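1. Got a sequence here, can you build the structure:
(one chain, ligands or ions: 4)
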Amino acid sequence: MQPADLARRPVLVLDFGSQYVQLIARRVRERRAFAMIVRHDISADRVKELDPIALILSGGPSSVYEEGAPKCDPGIFELDLPILGICYGMQLACQAMGAKVDAVPSREYGPAALREVDGSSPLLSDVPTGTTVWMSHGDQVHELGEEFIGLASTATCPLAAVRHRSRPVFGLQFHPEVSHTALGTHILGNFLDKVAGSPGTWTMEAYLDQAVRAIRERVGPDERVVCGVSGGVDSSVTAALLAKALGDRVVCIFVDNGLLRSGERAAVVDMFGRHSEAELRVIDASERFLTALEGETDPQRKRVIIGHTFIDVFRDEAKSIPGARFLAQGTLYPDVIESGGSPDAPAATIKHHHNVGGLPAELGFELIEPLRDLFKDEVRRLGIELGLPEGQVWRHPFPGPGLAVRCLGAVTRERLEVLRRADAIFLEELRAAGLERATGQAFAVLLPVRSVGVMGDGRTYESVVALRCVDTDDFMTADWTRLPAELLARASSRIINEVKGVNRVAYDITSKPPGTIEWE
Ligand SMILES: Nc1ncnc2c1ncn2[C@@H]1O[C@H](COP(=O)(O)OP(=O)(O)OP(=O)(O)O)[C@@H](O)[C@H]1O
Ligand SMILES: O=c1[nH]c(=O)c2[nH+]cn([C@@H]3O[C@H](COP(=O)(O)O)[C@@H](O)[C@H]3O)c2[nH]1
Ligand SMILES: NC(=O)CC[C@H](N)C(=O)O
Ligand SMILES: [Mg+2]
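-> Ligands and ions are numbered 1, 2, ... in the order given. From the prediction side, this is the model:
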């Protein structure tokens, strides 16, 4: 087997509803193995098809002894694959093989120190006694039965780590994936390297080779790929990847949907011209988008309208591109998860990302989405690997539905213009303060309310703009940026003075969760 193929064999993370399931996937990738999150009840047959090197059973809010608690297909324990159960996952694996699980009298949340560590076990190799681990449980394994052996304890948890006597099955009652568990990534690494035999070669370089090969296998010599580009990181990386795989059989399409920021169209065309060899077509579809959005105020319906209109525009343009069977998009893992996940890993729908949940049923293209498994920071590393310029790689994201999901309420040309000007001022001030690169994403939102003010001794009754700026690497979680008060003051005063129709500016101090980054 080629090293690249072995690198590509996944570690499947079975999702039992843990808050931390994404984090487990990230940690696995940090140890250079390829993680895929799948539903907890994935069948043993499907697992065999996916050909993983190991399984990780996540934690979860349920108790294994409750009616209706999520279970896995018992067949997965018969596949002889290395398995690591974390918290609920450990309780489930132990219960499935004869152990007893019960509620503990006092629940355990937060730090605990490991004792009686069996350092001869591969899982806990180089993990000293006294290591701090993070606990979050109200149940625990009481009687191990015949098949398991304890590997470590804490003051209140006699079985903090266990292993099966003869199979490569391990369990951790604590959470190795959270950063508060000292050596957590090391312990996961022990499982991957020493138990599962992971080659640790899942690098961005290996990913790139693999992705290029897969594209070449799919697209025939007379076929072409239409690639939606927005100037954003994800689509620029997608376009560069396609150009590497297919040369001039890629046609890039940038749609001006009338929802772009101030100066964006010219900047994108300029950047693309300087750094890409691929053909770029710019389509002015603003009339079409704004007409389709007329009178719509519901956030999900706005996204669906935009997703459909994008596809209509791509389809019309593809008529003049012979052999255009494929549409490429820069879809990332968070877009998929927030849109409700995939059949292998369903999740709650948070919002229809225009490029996933907002797509029409009949696409008219086959999709190529080489970044679908990646987080944003991984895409940025891939961009660097592909030689994209720094400015492009570190650009703040801008969503495909653009200003439509920041213009709360009805989307009209007039309201878009107000928003565009306020947004430009905020970004100008952020750049002037040298803080663009240090922050994850920043923008203005136009609220559908008016407030009373006093300007020039007279009463005003005008719109409110909210400013949002967040710190994040992966855009799955985020905290609001503690921007300097002087910067906020300057932005606020300039927006009110320079943008007619706005008399109040607010700063959004909500993290994600519970908020999302965008307001709609
Ligand atoms: N104006 C546009 N014209 C053509 N395609 C677009 C446009 N906006 C978005 N897309 C398509 O939708 C995909 C998802 O958009 P998204 O904003 O998530 O990614 P991006 O714009 O490439 O990167 P970033 O997240 O950094 O903004 C893009 O990768 C691209 O394929
Ligand atoms: O191309 C996109 N189409 C969409 O429909 C969409 N919705 C949100 N986003 C971007 O995704 C990231 C996470 O956003 P939320 O916290 O608002 O869900 C942030 O970077 C958002 O800007 C989108 N990008
Ligand atoms: N974090 C978890 O996986 C918790 C598992 C189980 N609900 C418990 O309380 O022990
Ligand atoms: Mg974008």
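
2. The residue of the chain found nearest ligand 3: how many residues sit nearby?
-> As assessed by C-beta to the nearest ligand atom, ligand 3 sits closest to Gly59 within the chain, at 2.7 Å. (Glycine included, C-beta is placed from N, CA and C.) Number of residues near Gly59 (other C-beta atoms under 10 Å) recorded here: 28.

3. Flag every residue of the stretch 201-350 of the chain that's near ligand 1.
-> Applying C-beta under 6 Å from any ligand atom, we find that the stretch 201-350 of the chain lies next to ligand 1 at 228-230, 232-235, 253-255, 257, 329-330, 335.

4. What of the chain?
-> With C-beta under 6 Å from any ligand atom as the criterion, the chain meets ligand 1 at residues 228-230, 232-235, 253-255, 257, 329-330, 335, 355, 397-400.

5. on that earlier part again, can you pull the phi/psi pair for the residue of the chain closest to ligand 3?
-> Backbone torsions of Gly59, given as degrees, to the nearest 10, read phi -70, psi -180.

6. Looking at the chain, what residue ends up closest to ligand 4?
-> Residue of the chain nearest ligand 4, by C-beta to the ion: Gly232 (3.2 Å).

7. For that residue, the count of nearby residues, please.
-> Neighbour count of Gly232, defined by other C-beta under 10 Å: 19.

8. what's the pLDDT at it?
-> Gly232 is assigned 93 on the pLDDT scale.

9. For Gly145, list the residues it contacts.
-> By C-beta atoms under 8 Å, 6 or more residues apart in numbering, the contact set of Gly145 is Cys94, Met97, Gly98, Ala99, Lys100.

10. of those, closest to Pro448?
-> Nearest to Pro448 among the contacts of Gly145: Cys94, at 52.9 Å, using C-beta to C-beta.

11. does the strand or helix carrying the closest one come close to ligand 3?
-> Using DSSP states H and E, Cys94 sits in helix 88-96. Yes. Using C-beta under 6 Å from any ligand atom, we find that helix 88-96 touches ligand 3 at Tyr88.

12. Which strands or helices does that helix pack on?
-> Packed against helix 88-96 by the contact rule (3 or more C-beta pairs under 8 Å, 6 or more residues apart in numbering; DSSP states H and E) you find strand 54-57, strand 83-86, strand 100-113, strand 132-143, strand 169-172.

13. My read is that Pro52 contacts Arg8, right?
-> No. Checked against C-beta atoms under 8 Å, the pair Pro52 and Arg8 is beyond contact range at 10.7 Å.

14. higher neighbour count, these two?
-> Pro52 (23 against 18).

15. List the residues that contact that one.
-> By C-beta under 8 Å, 6+ apart, the contact set of Pro52 is Arg9, Pro10, Val11, Leu12, Met36, Leu81.

16. State the distance from it to Leu12.
-> With the distance defined as C-beta to C-beta, to the nearest Å, Pro52 ends up 5 Å from Leu12.

17. thinking again about what came up before, got TSV for the residues of the stretch 201-350 of the chain next to ligand 1, with secondary structure too?
-> Output for these, formatted as TSV (DSSP: H, G, I helix; E, B strand; the rest coil):
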residue	secondary structure
Gly228	strand
Val229	coil
Ser230	coil
Gly232	coil
Val233	helix
Asp234	helix
Ser235	helix
Ile253	strand
Phe254	strand
Val255	strand
Asn257	coil
Gln329	coil
Gly330	coil
Asp335	helix
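
18. Quick check: which of the residues you listed are also close to ligand 2?
-> Applying C-beta under 6 Å from any ligand atom to these, one finds that nothing falls near ligand 2.

19. What about the residues you listed, which one has the most neighbours?
-> Neighbour-wise, those (other C-beta under 10 Å) top out at Gln329, 28 neighbours.

20. hang on, it packs against Ala239?
-> No. With contact defined as C-beta under 8 Å, Gln329 does not reach Ala239; the gap is 10.5 Å.

21. now Leu12, what's its secondary structure?
-> Going by three-state DSSP: Leu12 is strand.

22. Need the pLDDT of the residue of the chain positioned farthest from its centre.
-> In the chain, the greatest distance from the average C-alpha position (C-alpha atoms, centre = their mean) is reached by Asp457, at 48.9 Å. In this model, Asp457 is scored at 90, pLDDT.

23. Look up the closest residue to Met36, ignoring the ones flanking it.
-> If the residues on either side of it in the chain are set aside, Met36 comes closest to Pro10, at 4.2 Å by C-beta to C-beta, 6 or more residues apart in numbering.

24. Neighbours of that neighbour, how many?
-> 20.

25. Would you confirm that it contacts Ile37?
-> No. Pro10 is not in contact with Ile37 according to C-beta under 8 Å; the separation is 9.8 Å.

26. distance of Trp394 from Leu386?
-> Distance of Trp394 to Leu386, computed by C-beta to C-beta: 14 Å.

27. my bad, should have said Val282
-> 23 Å.

28. Please apply the same query to Arg301.
-> Between Arg301 and Leu386 the computed distance is 36 Å (C-beta to C-beta).

29. Count the residues that sit near the nearest residue to Arg372 once chain neighbours are set aside.
-> Excluding the flanking residues, the one nearest Arg372 by C-beta to C-beta, 6+ apart is Thr331, at 5.3 Å. Counted with other C-beta under 10 Å, residues neighbouring Thr331 total 25.

30. Would you mind giving me the confidence score for Thr331?
-> 95.

31. Redo the contacts of Gly145 as JSON lines? Include neighbour count.
-> Output for the contacts of Gly145, formatted as JSON lines (neighbours: other C-beta atoms under 10 Å):
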{"residue": "Cys94", "neighbour count": "28"}
{"residue": "Met97", "neighbour count": "18"}
{"residue": "Gly98", "neighbour count": "12"}
{"residue": "Ala99", "neighbour count": "22"}
{"residue": "Lys100", "neighbour count": "14"}
